[in-house]
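Trainee: what's the 3D shape of this:
(one chain, ligands or ions: 1)
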Amino acid sequence: MAMAAASDRYTRVAVALHWLIALMVIGLIVFGLLMTKEWMPNRFAVYQLHKSFGIAVLVLSLGRLVWRLRHRPPPLPTAMPVWQIRISHATHWLFYGLLVAMPLLGWAMVSASTLPVPTLLFWLVPLPDLPGIGESEAAEAFFKDLHEIGAYLFIALIALHIGAALKHQFVDRDGLLRRMSWRRSPAKAPRP
Ligand code: HEM
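Mentor: The predicted model follows:
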């Protein structure tokens, strides 16, 4: 199958944003699930960090979305079947949707909270409440449920995404993963 040529790569900005956001989202999911447990040490600090990194993901993802709309991604391997291309596009846009929706749902949840707990992003910047969201236990529970459902959707999507990347790397051996690598070295010849 065709290997990706050196020019068929994502831009360095897209690559940097992809891996930075991926790392932050995985951390947010792992620590998000852990911090809700009573036994988690330093829970207050972990909650504050969760909210800080969550808002950072929102800012970076909006930047990434703007970059993506202005820079066409490299073409997919020509041998890829149409159904895989459709799933790949759908997954990518679902990722963008979740990357924006998840932080907004978290932000809406804390805005609706009746507890007087202020959020200081990275212990520096106070996070204001989202406008139009009144404090109410029902609204907080509503956004909390959606935030939790979003988290499980995220986990499923990440599993699908990693599974597909591994299949391309080790089964199809079509060099797709290299498109998202930092190194710009020319692609090696495919193994027969
Ligand atoms: C991409 C961004 C984010 C991801 C992937 C994420 C992920 C998670 C996960 C997996 C949980 C545990 C779900 C549960 O078991 O209830 C959680 C809980 C929570 N998240 Fe996020 N989150 C994100 C952004 C945010 C933001 C921006 C805020 C607030 C500004 C926030 C506030 C919270 C709070 C307060 C909880 C705890 C809810 C509880 O006490 O049960 N999250 N998050």
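
Trainee: in the protein, which spans are helices?
Mentor: Assigned by DSSP state H, the chain shows helices spanning 12-35, 43-70, 82-112, 137-167.

Trainee: could you redo those helices as a markdown table and give each row mean pLDDT, distance to Arg184 and mean neighbour count?
Mentor: For glycine as for every other residue, the C-beta is placed from the backbone atoms N, C-alpha and C. Shown next, in a markdown table, are these (pLDDT from 0 to 100; distance: least, Cβ to Cβ, whole Å; neighbours: other Cβ atoms under 10 Å):
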| stretch | mean pLDDT | distance to Arg184 | mean neighbour count |
| --- | --- | --- | --- |
| helix 12-35 | 97 | 8 | 15 |
| helix 43-70 | 96 | 18 | 16 |
| helix 82-112 | 96 | 23 | 17 |
| helix 137-167 | 97 | 19 | 15 |
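
Trainee: got those helices as CSV, with distance to the ligand columns?
Mentor: Below are the helices of the chain laid out as CSV (distance: least, Cβ to the nearest ligand atom, whole Å):
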stretch, distance to the ligand
helix 12-35, 3
helix 43-70, 3
helix 82-112, 2
helix 137-167, 3
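
Trainee: Distance to Thr119 added to those, as JSON lines?
Mentor: Output for these, formatted as JSON lines (distance: least, Cβ to Cβ, whole Å):
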{"stretch": "helix 12-35", "distance to Thr119": "14"}
{"stretch": "helix 43-70", "distance to Thr119": "5"}
{"stretch": "helix 82-112", "distance to Thr119": "6"}
{"stretch": "helix 137-167", "distance to Thr119": "14"}
